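In: Pasting a predicted model and its sequence here:
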Amino acid sequence: MIAGEGSPTEIMTGRGLEVVSDTGALTAAVDEAIAANPDVAEKIREGKVAAAGVLVGAVMKATRGQADAKTVRELIIARLS
């Protein structure tokens with residue numbers, strides 16, 4: 001495709017650009033983000049789900065932007081509900 005690098009899937013895999021949406025792989029990063037930000041976790045438990053953005057950002061940073069943000073948000077809310 002691009003300069004003979006292969007299919008789009010091969011290029012994404014080769015460059016490490018694939019999105020991680022496997023809940024098993026993301027659970028550890030979510031747990032670490034929650035543990036590192038107990039004050040934010042408490043706000044979410046109190047019903048301020050907008051605060052989940054902070055934890056989503058922490059997971060995205062930990063996964064170098066490869067995590068599926070929607071899946072991460074769902075995992076965070078499920079963990080803290």
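Out: It's in.

In: If we go by neighbour counts, what in the lengthiest helix in the chain is buried?
Out: Longest among the helix segments of the chain by residue count, using DSSP state H, is helix 23-36. For helix 23-36, the neighbour count (16 or more other CB atoms under 10 Å) marks 26, 29-30, 33-34 as buried. (Each C-beta comes from the backbone N, C-alpha and C, glycine too.)

In: right, and out of the residues you listed, which lies closest to residue 55?
Out: Within those, the smallest distance to residue 55 is 4.6 Å, found for residue 33 (CB to CB).

In: Got the confidence number for the closest one?
Out: We note a pLDDT of 96 for residue 33 in this prediction.

In: same check, this time on residue 2
Out: Note on residue 2: pLDDT of 55.

In: Likewise for residue 7?
Out: Listed pLDDT for residue 7 reads 69.

In: Least confident secondary structure element in this protein?
Out: The helix or strand of the chain with the lowest confidence, counting by mean pLDDT, DSSP states H and E, is helix 8-15 at a mean of 59.

In: and residue 60, how far is that from residue 46?
Out: Here residue 60 is placed at a distance of 23 Å from residue 46 (CB to CB, to the nearest Å).

In: more neighbours, those two?
Out: A side-by-side neighbour count of residue 60 and residue 46, using other CB atoms under 10 Å, places residue 60 first with 17 against 10.

In: how about the more buried one, what does it touch?
Out: 67, 69, 72 (CB atoms under 8 Å, 6 or more residues apart in numbering).
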